[in-house]
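Enquirer: attaching a predicted model along with its sequence, questions to come.
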Amino acid sequence: MKLGSAVAGLAEAELALADDFRKLGELHAADHDVFHQSRTFAKQCAGHAEKLRPIVERYGREAPGDGEPGLWESVMGAVRRRTSETIGRRPESGLLLVQDLRDVYLSAQETFITWVIVYQGAQAARDRQLFEVSSECQLETELQVKWALTQLKVVSPQALSA
């Protein structure tokens with residue numbers, strides 16, 4: 001069924017978005033708001049993927065991994081945090097933050113539109129479980145998109161005029 005492929009793709013997109021948020025927070029740990037909110041969103045995305053796991057399996061697809069960073073990712077996270085501490089609030093870090101926020105925004109927007117598609121598919125298939133998960137997670141992903149856009153609006157003028 002095509003809906004199963006869409007749901008599996010959505011679970012993968014959520015795990016990728018979780019990884020993007022995790023990296024954003026680690027790379028910009030000197031900005032405490034970005035660091036903490038990124039961690040919160042990364043956990044939220046991993047939770048979305050976990051909620052999709054039984055639905056993906058019900059549709060006969062293989063659910064993606066758990067989204068938790070492995071040893072290599074943990075080591076790289078430590079390196080990213082150290083780099084963030086080193087460059088801290090230098091003017092160049094503002095441009096890096098703009099680029100990284102842009103990338104996260106695009107990833108979140110792609111994930112959001114996939115939620116919209118899956119939500120519509122759940123309605124058409126009368127899949128109540130998927131409909132309920134889609135309703136909840138779609139709203140949370142929309143908030144992630146709005147947060148990233150707001151951060152871009154706040155950071156861009158400072159970074160581009162410095």
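Expert: In hand now; what should we look at?
Enquirer: could you say which helix or strand holds the residue nearest to R61 when sequence neighbours are not counted?
Expert: In this structure, R61 finds its nearest non-sequential neighbour in A8, 4.1 Å apart by C-beta to C-beta, 6 or more residues apart in numbering. All C-beta spots, glycine's among them, are computed from the backbone N, C-alpha and C. Element membership for A8, per DSSP states H and E: helix 2-27.
Enquirer: avg pLDDT for that helix?
Expert: Averaging pLDDT along helix 2-27 gives 95.
Enquirer: which elements pack onto it?
Expert: If you count contacts as 3 or more C-beta pairs under 8 Å, 6 or more residues apart in numbering; DSSP states H and E, helix 2-27 packs onto helix 32-58, helix 71-87, helix 91-125, helix 128-161.
Enquirer: give the rounded mean pLDDT of the shortest one.
Expert: Per-residue pLDDT over helix 71-87 has a mean of 50.
Enquirer: what residues sit buried inside the helix holding A8?
Expert: Buried positions in helix 2-27, judged by neighbour count with 16 or more other C-beta atoms under 10 Å: 3-4, 6-27.
Enquirer: ok, now stretch 22-42?
Expert: 22-31, 34-35, 37-39, 41-42.
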